[in-house]
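> sequence unknown, structure follows:
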């Protein structure tokens, strides 16, 4: 599978599949302008106003680790295999050992949100 830019509609189909199947994901949020990175392993959930979140615990527990994002924000979306992390050999190796697919959201300010689907 190649790593290709996909439409918001196709991304929504992938996200819907992950939500309905309670697929275990790792969400990584990278913000180069602040040098920040956060990762959460959990399942994808939806909220009002096209808001999604990956939660690493009980969604009723406000202390559960969470990464939240809005699907309607303008960005470039890519879906594919380890080629989504081709710029880093370490990341590509990690991907091949742990994940089967990734969906990335690249925003104009350089922020990147990556959702990685774990191997079964």
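The structure has been received and is ready for your questions. Treat the numbers as computed from the prediction; the structure is a model and nothing was measured.
> which stretches in this protein count as strands?
Per DSSP state E, the chain carries strands over the ranges 4-5, 24-31, 36-47, 51-55, 66-70, 76-80, 99-106, 112-118.
> for the helix ranked longest in the chain, name the packing helices and strands.
Among the elements of the chain assigned as helix by DSSP state H, the one spanning the most residues is helix 8-20. If contacts are counted by 3 or more C-beta pairs under 8 Å, 6 or more residues apart in numbering; DSSP states H and E, helix 8-20 sits against strand 36-47, strand 76-80, strand 99-106. Just so you know, the C-beta spots here come from the backbone N, C-alpha and C atoms, and that holds for glycine as well.
> single out the most deeply packed of those.
Comparing these by mean neighbour count (mean count of other C-beta atoms under 10 Å), strand 99-106 comes out on top with a mean of 20.
> verify the stated contact: residue 5 with residue 78.
Yes - the pair residue 5 / residue 78 is scored as a contact, 5.4 Å apart, by C-beta atoms under 8 Å.
> distance of the residue nearest to residue 76 when sequence neighbours are not counted relative to residue 62?
Nearest in space to residue 76, with sequence neighbours left out and distances taken as C-beta to C-beta, 6 or more residues apart in numbering, is residue 106 at 4.5 Å. Separation of residue 106 from residue 62 (C-beta to C-beta, to the nearest Å) stands at 30 Å.
> next one: residue 7
Here the criterion is C-beta to C-beta. By it, residue 7 lies 34 Å from residue 62.
> and for residue 31?
Relative to residue 62, and taking C-beta to C-beta, residue 31 is found at 23 Å.
> which one of those two is surrounded by more residues?
residue 31 (15 against 7; other C-beta atoms under 10 Å).
> okay, and the helix or strand of the protein with the least pLDDT?
Within the chain, confidence by mean pLDDT, DSSP states H and E is lowest for helix 89-98 among all helices and strands, at a mean of 70.
> so, low pLDDT: which residues of this protein?
When the per-residue scores of the chain are filtered using pLDDT under 70, the ranges that remain are 1-3, 82-93.
> try it again with 90
Residues of the chain meeting the criterion pLDDT under 90: 1-5, 48-50, 57-60, 62, 70-74, 80-100, 119-120.
> for residue 67, which of the helices and strands packed on helix 8-20 is the nearest?
When those are compared by C-beta to C-beta, strand 36-47 sits nearest residue 67, at 4.9 Å.
> lovely, talk soon.
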